[in-house]
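Trainee: sequence unavailable; structure follows:
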């Protein structure tokens, strides 16, 4: 099991940070750090299926996931269960097996109008290059989220 943690302090109430993070219009802004044109299809409600996607050459690709917990303005947990390739969900290939059961948790705490946001990535042993990609990308995404929330 590996865990990666990323943290940022944002000068905005946690409700605002939550809404920007999960909003239809603002989600693509901060997630562009991962892939330009990122978007989601599905619902953030507990138990809902969710796909985190981008389009390349008109083909939708990304992650197939489930929202396993949603405590508004405090905590959300996403469990990844497969890849989406050209709109088709893959849950069985060798490539996807390292991701099945991985969790992405967002933890929001607020003190005096400042939100402390922690991202926890928990999963099976992941490839070093993937871990490095997260180390490089999550801080950029969180800085963009901070910039949007503090406008």
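Mentor: Done, it's in. The structure displayed is predicted, hence computed values, not measured ones.

Trainee: C-alpha from now on. contacts and neighbour counts both.
Mentor: OK.

Trainee: grab the nearest non-local neighbour of the residue nearest the centre of the chain.
Mentor: Centroid-nearest residue in the chain: residue 104, 6.3 Å away (criterion: Cα atoms, centre = their mean). Among residues not flanking residue 104 along the chain, residue 121 sits closest, at 4.7 Å (Cα to Cα, 6 or more residues apart in numbering).

Trainee: wait, doesn't that neighbour sit right on residue 107?
Mentor: No - the criterion here is Cα atoms under 8 Å, and residue 121 misses it with residue 107 at 11.4 Å.

Trainee: which parts of stretch 138-151 are buried?
Mentor: Buried residues in stretch 138-151, counted by 16 or more other Cα atoms under 10 Å: 138, 140-146, 148-149.

Trainee: make a markdown table out of those residues and add pLDDT, distance to residue 66 and secondary structure.
Mentor: Converted to a markdown table, these look like this (pLDDT from 0 to 100; distance: Cα to Cα, whole Å; DSSP: H, G, I helix; E, B strand; the rest coil):
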| residue | pLDDT | distance to residue 66 | secondary structure |
| --- | --- | --- | --- |
| 138 | 96 | 20 | helix |
| 140 | 96 | 25 | helix |
| 141 | 97 | 21 | helix |
| 142 | 98 | 22 | helix |
| 143 | 97 | 26 | helix |
| 144 | 97 | 25 | helix |
| 145 | 98 | 23 | helix |
| 146 | 98 | 26 | helix |
| 148 | 97 | 26 | helix |
| 149 | 97 | 26 | helix |
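
Trainee: direction included, what does the helix or strand hosting the residue nearest to residue 104 pair up with?
Mentor: Take DSSP states H and E as the rule and residue 121 turns out to sit in strand 114-123. According to DSSP bridges, strand 114-123 forms sheet pairs with strand 2-10 (antiparallel), strand 103-111 (antiparallel).
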